[in-house]
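Undergrad: fold the following for me, if possible:
(3 chains)
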Amino acid sequence: MTPKRILMQGNEACVEGAIAAGMRFFAGYPITPSTEIAERCAQRLPQVGGRFIQMEDELASMAAVLGASVTGVKAMTATSGPGFSLKQENIGYGCLAEIPCVIVDVQRSGPSTGLPTSPSQGDYMQARWGTHGDHPVIALSPSSVQETYRLVIRAFNLSEKYRTPVIFLMDEIVGHMREGVTLPDPRELIINKRHISYHDGANKQCYAVPEGEYVPAMKPFGQGERYNITGLAHDVSGFPTNNNQIAGALYTRLMEKIDRNLDDIVRVEEHMLDDADTAVVCFGGTARAAMSAVQQARAEGMKVGLFRPITVWPFPEAHLRARLPGLKRILMVEHNYGQMLLEVQRSAADRVPVSFLGRVDGTVIPPDDILRKLREMEGNAHAK
Amino acid sequence: MRYEMRFSGSGGQGVILASVIVAEAAVAAGLEAVQSQSYGPEARGGMCRAETVLSRERIWFSKVTRPNFLLALTQEALDRYAPDLAEDAVVMIDDALTVPKGLDKRQVLALPILATARDKVGKLMTANIVAVGAVNRALGLFDQQALHEGVRLHIPAGTEELNWKALDAGAALVTDEQAAAFARPLE
Amino acid sequence: MPSELVHKYLRIDHLPHIWCAGCGNGIIMRDVAVALQELIDDPEVPVSRDKTVVVSGIGCSSRAAGYLDFDSIHTTHGRAIAFATGIKFARPDLEVIVLTGDGDCSAIGGNHLIHAARRNIGLTVVTFNNDIYGMTGGQYSPTTPTGDKATTAPYGNLDRPFDIAQLAAGAGATFTARGSAYHARETTELIKQGILHKGFSLIDVYSVCPTYYGRKNGRGGPVEMLQWQKEHMVPAATYYAMSEEARRDKTLVGVLTHTENPEYTEQYAALVERVRAQSGK
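TA: Residues are numbered from 1 along each chain as shown, chains lettered A, B, ... in the order given. Below is the predicted model:
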């Protein structure tokens, strides 16, 4: 029997994917445009033996998620910009203490309370640098409801594999849209289980990693392990240290566990780039308008392709660099004032000029605007 | 081809659900569909807008910019959205509304949607389902099985009969001549 | 020679602790260890060492979690109760003990305190209440008495202080009690009662901070400060036998409130059972 296609909202698909990934704990606080995620979790988790709790604030929901995760449960929270700001404190704790979890940020428009129900991609840099201090980050961004389902599973898999919080960077466009999805047979899905290990007697080196590896196996609470977790710089036994050498080695390992596994972590989608002289770089819900514009531009004879980072942090620098030799120009389209633009410019260095099309008024970027910009760029090139 | 539909009225009239049902029926019929809506205070008593894009191919851009179809259940919604329409757009309105200047009356299908829900179906809150029945009949979108599937997935269990009645009452508002004139089979 | 208790329940390789000489925190930590030891050793009581988790926030008090040889998590400032809520809700079979301070739990973490109390989730919170921020060097806290001095109140504190136990009780905590560093045996018993209580328990234990609070406010050294507790804090049996007149300048050491109400994780388990029975139909 072929799986049935049904209409589903992006936020709902996020919950269904998370449940398929094994998420059984959700703590959250109501905030538009992510609220449907909490609502569906409240309904669905008891049905599958999971647990939902609405906490007193965003800080507490992030803390509760980390608390649940240390007991061995896959846990998630969801929020939007104002709540994402509040969660940063404990996201940093999760990075340092290496506690897997998924944080969904359904981005909305503007700083502060902004435009609560309008689309934006203004949290791109916050996803990378929101919490203080140098720390590793993985962030994934879906551009369709179907992809939301699959990609949130990947978010959990990466989170478990690398023992780190993963940011699932949605936006209002994808979170609130409904479209047809086909839910895969759960048996087809690849689900990473947590790497659990138990101590060998008295040697409680719970953060020790074998030579050449970067991720320590995790020991759940409540199993007689009796070990310590702290947000202070710690040694391999998990206890605070002021030894600069040990602290430095810890911070370096945290960065390297991501940096040395980029091939495994980074994913992009590329359309019509092989013969293209122009690449449109775009991610998330906005990439849908970009793809429409690319198709129209092709119909007009322009050699345009789409480069869509799916892993938005770490930025797919190597993938973009590999495309540079064939390109004459790049257009970065994003729903903000120019954030991923900085990464694209850095990756393109001075080899390919980068133009920018952004928007910050809370309305979507329509394909016509992108097409107009592409024509203008091509026209300028011919005029030279 | 892309077919852009906008459903508008005031909050509480169920125009969002109408757009969801049309999208769900499209998926049931094997088409591509994307639905979205305006959120916030607008959806709670003020003007309310929801959109569905239909296509036989993958839909990339998800929003409606030049609607091929407009449903308006209030004068405010009609006046606001009439100017943005595509050239051969079909406009379905409640017949209590006044067609604004600049909108070609031949494009407009004015039907007693609210009165039918209130008097014939017996519940004003079924106006959105009456509208869906009328839209489907006028544009010739889906067969009954797909349409019923679209409705069934979005209504409380036990209210099926009431909703089938509303769908039928909506369809009955559209004459054969009107159905022939307004048919927009999806290319 | 370390005692048997220290050997068994403290992580001796991480001692000596960071607290100043004369600090009351070590006594309170010992009270917690003794309470746990006695419950673990009691075959009638379902408290087990492997199913006990100690959670703390940030501050002098919160270092205690690292010295106790259980599963322990030293979290972010103010968030210990929120982390603990996640642990308890995910694994209701665990005994979750929160060690916190007056600033950690009633200033930056005040919201989590009142809401955990309101939910009546089965945590046992022990506050090491020393009326001052010690770790950062002596700033006034929400429990610093009005008029007292601190590095950020050089002319005297204007704020009115919280009574943390009353605050928790007002928010719905079903077990609240007051202990003191001086009254070690009584405090240990109160912590045991708190752990055995089904629902949210808070034991507000007055500590002493001779280094900052004592010095800033002319309260003398550790001996004088503990002497003050001996003279002004009175165990329940004696306290209730005293005349109202005699009680006027005394503080009760004992149970303040104790009521029975449904515990949060048990209610949720019942909800899950109900939902699954319905969806199984």
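
Undergrad: residues in contact with C:Ala82?
TA: Neighbouring residues of C:Ala82 by Cβ atoms under 8 Å, 6 or more residues apart in numbering or on different chains: A:Met55, A:Leu59, A:Ala60, A:Ser61, A:Ala63, A:Ala64, A:Gly67, C:Gly109, C:His112, C:Ala116. All C-beta atoms are positioned from the backbone trio N, CA, C, and that covers glycine.

Undergrad: and residue 95, how many neighbours?
TA: Let's take chain A. 20 (other Cβ atoms under 10 Å in any protein chain shown).

Undergrad: ah, I was thinking of chain B
TA: Neighbours of B:Asp95 (other Cβ under 10 Å): 14.

Undergrad: hmm, it is touching B:Ala110, no?
TA: Yes: counting by Cβ atoms under 8 Å, B:Asp95 does reach B:Ala110; the two are 4.1 Å apart.

Undergrad: element containing the spatially most central residue of chain C, please.
TA: The residue lying closest to the centre of chain C (Cα atoms, centre = their mean) is C:Val126, at 1.2 Å. Using DSSP states H and E, the element containing C:Val126 is strand C:123-129.

Undergrad: likewise for C:Leu252?
TA: strand C:251-258.

Undergrad: that strand: what's the following helix or strand?
TA: helix C:264-279.

Undergrad: list the beta-bridge partners for the nearest residue to the residue nearest to the centre of chain C once chain neighbours are set aside.
TA: Closest residue to C:Val126 apart from its sequence neighbours, by Cβ to Cβ, 6 or more residues apart in numbering or on different chains: C:Ile203 at 5.1 Å. Beta-bridge partners of C:Ile203, counted by DSSP bridges, are C:Val126, C:Ala177.

Undergrad: where does A:Arg267 land on pLDDT?
TA: A:Arg267 is assigned 98 on the pLDDT scale.

Undergrad: mind checking the SS state of the residue of the stretch 51-200 of chain C found nearest chain B?
TA: Closest contact between the stretch 51-200 of chain C and chain B, by Cβ to the nearest Cβ, is at C:Asn111 (27.0 Å). Judged by DSSP: H, G, I helix; E, B strand; the rest coil, the three-state class of C:Asn111 is helix.

Undergrad: that one against A:Glu58, yeah?
TA: No: C:Asn111 lies out of contact with A:Glu58 (Cβ under 8 Å); the separation is 10.9 Å.

Undergrad: okay, now A:His176: neighbour count?
TA: Neighbours of A:His176 (other Cβ under 10 Å): 25.

Undergrad: roughly how far does it sit from A:Asn192?
TA: 29 Å (Cβ to Cβ, to the nearest Å).

Undergrad: for A:Ile31, same thing?
TA: A:Ile31 is 29 Å from A:Asn192, by Cβ to Cβ.

Undergrad: so between the two, which is more surrounded?
TA: Ranked by neighbour count (other Cβ under 10 Å), A:Ile31 and A:Asn192 place A:Ile31 first, with 21 against 18.

Undergrad: check contacts around that one.
TA: A:Glu58, A:Thr79, A:Ser80, A:Pro82, A:Gly83.

Undergrad: repeat that for 6 Å
TA: Contact analysis of A:Ile31 by Cβ atoms under 6 Å, 6 or more residues apart in numbering or on different chains lists A:Thr79, A:Ser80, A:Gly83.

Undergrad: give me the low-pLDDT residue ranges for the stretch 1-150 of chain A?
TA: A:1-2 (pLDDT under 70).

Undergrad: I'd like the mean pLDDT over the helix or strand encompassing A:Gln345, please.
TA: Using DSSP H and E, A:Gln345 sits in helix A:340-348. Per-residue pLDDT over helix A:340-348 has a mean of 98.

Undergrad: where along the stretch 51-200 of chain C do the strands fall?
TA: In the stretch 51-200 of chain C, the strands defined using DSSP state E, counting those that start in this stretch lie at C:52-56, C:71-74, C:95-101, C:123-129, C:132-133, C:139-140, C:175-180.

Undergrad: need those in JSON lines with mean pLDDT, can you?
TA: Listed next are the strands of the stretch 51-200 of chain C as JSON lines, based on pLDDT from 0 to 100:
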{"stretch": "strand C:52-56", "mean pLDDT": "98"}
{"stretch": "strand C:71-74", "mean pLDDT": "97"}
{"stretch": "strand C:95-101", "mean pLDDT": "98"}
{"stretch": "strand C:123-129", "mean pLDDT": "98"}
{"stretch": "strand C:132-133", "mean pLDDT": "97"}
{"stretch": "strand C:139-140", "mean pLDDT": "97"}
{"stretch": "strand C:175-180", "mean pLDDT": "98"}
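
Undergrad: can you redo these as CSV with distance to A:Leu254?
TA: Formatted as CSV, those follow (distance: least, Cβ to Cβ, whole Å):
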stretch, distance to A:Leu254
strand C:52-56, 23
strand C:71-74, 18
strand C:95-101, 27
strand C:123-129, 30
strand C:132-133, 30
strand C:139-140, 32
strand C:175-180, 40
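
Undergrad: so the residue of the stretch 101-250 of chain A found nearest chain C, which of the three states?
TA: Closest residue of the stretch 101-250 of chain A to chain C, Cβ to the nearest Cβ: A:Gly224 (3.6 Å). Put simply, A:Gly224 is coil when judged by three-state DSSP.

Undergrad: surely it is in contact with C:Lys51?
TA: No: the criterion here is Cβ atoms under 6 Å, and A:Gly224 misses it with C:Lys51 at 8.4 Å.

Undergrad: those two - which one has more neighbours?
TA: The residue with more neighbours, out of A:Gly224 and C:Lys51, is C:Lys51; 19 against 14, by other Cβ under 10 Å.

Undergrad: what ranges does the stretch 251-384 of chain A have for its helices?
TA: For the stretch 251-384 of chain A, the helices defined by DSSP state H, counting those that start in this stretch cover A:262-265, A:286-299, A:317-323, A:340-348, A:367-383.

Undergrad: same deal with chain B?
TA: B:15-28, B:75-81, B:113-115, B:127-139, B:144-152, B:160-172, B:176-182 (DSSP state H).

Undergrad: how many neighbouring residues does the residue of the stretch 1-150 of chain C found nearest chain A have?
TA: Per Cβ to the nearest Cβ, C:Gly86 is where the stretch 1-150 of chain C lies closest to chain A, at 2.6 Å. C:Gly86 has 32 neighbouring residues, counting by other Cβ under 10 Å.

Undergrad: correct me, but it touches A:Gly67?
TA: Yes: counting by Cβ under 6 Å, C:Gly86 touches A:Gly67, with 2.6 Å between them.

Undergrad: how about the residue of chain A found nearest chain C, phi and psi?
TA: Residue of chain A nearest chain C, by Cβ to the nearest Cβ: A:Gly67 (2.6 Å). Per-residue torsions, A:Gly67: phi -60, psi -40 (degrees, to the nearest 10).

Undergrad: most remote residue from chain B's center?
TA: B:Gly158 (23.5 Å).

Undergrad: rewinding a little: tell me the mean pLDDT over the strand holding C:Leu252?
TA: 98.

Undergrad: return the set of buried residues in it.
TA: C:Leu252, C:Val253, C:Gly254, C:Val255, C:Leu256, C:Thr257, C:His258 (16 or more other Cβ atoms under 10 Å in any protein chain shown).

Undergrad: repeat that for stretch A:177-195.
TA: A:Met177, A:Arg178, A:Glu179, A:Gly180, A:Val181, A:Leu183, A:Leu189, A:Asn192, A:Arg194.

Undergrad: how about stretch C:192-205?
TA: By neighbour count on 16+ other Cβ under 10 Å, the buried set for stretch C:192-205 is C:192-197, C:199-205.

Undergrad: would you check which pair of these lies furthest apart?
TA: C:Gly199 and C:Val205 (19.2 Å; Cβ to Cβ).

Undergrad: that older thread, can I get the contacts of C:Ala82 in JSON lines with distance to C:Thr188?
TA: JSON lines is the format used below for these (distance: Cβ to Cβ, whole Å):
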{"residue": "A:Met55", "distance to C:Thr188": "32"}
{"residue": "A:Leu59", "distance to C:Thr188": "32"}
{"residue": "A:Ala60", "distance to C:Thr188": "30"}
{"residue": "A:Ser61", "distance to C:Thr188": "34"}
{"residue": "A:Ala63", "distance to C:Thr188": "29"}
{"residue": "A:Ala64", "distance to C:Thr188": "30"}
{"residue": "A:Gly67", "distance to C:Thr188": "26"}
{"residue": "C:Gly109", "distance to C:Thr188": "25"}
{"residue": "C:His112", "distance to C:Thr188": "26"}
{"residue": "C:Ala116", "distance to C:Thr188": "23"}
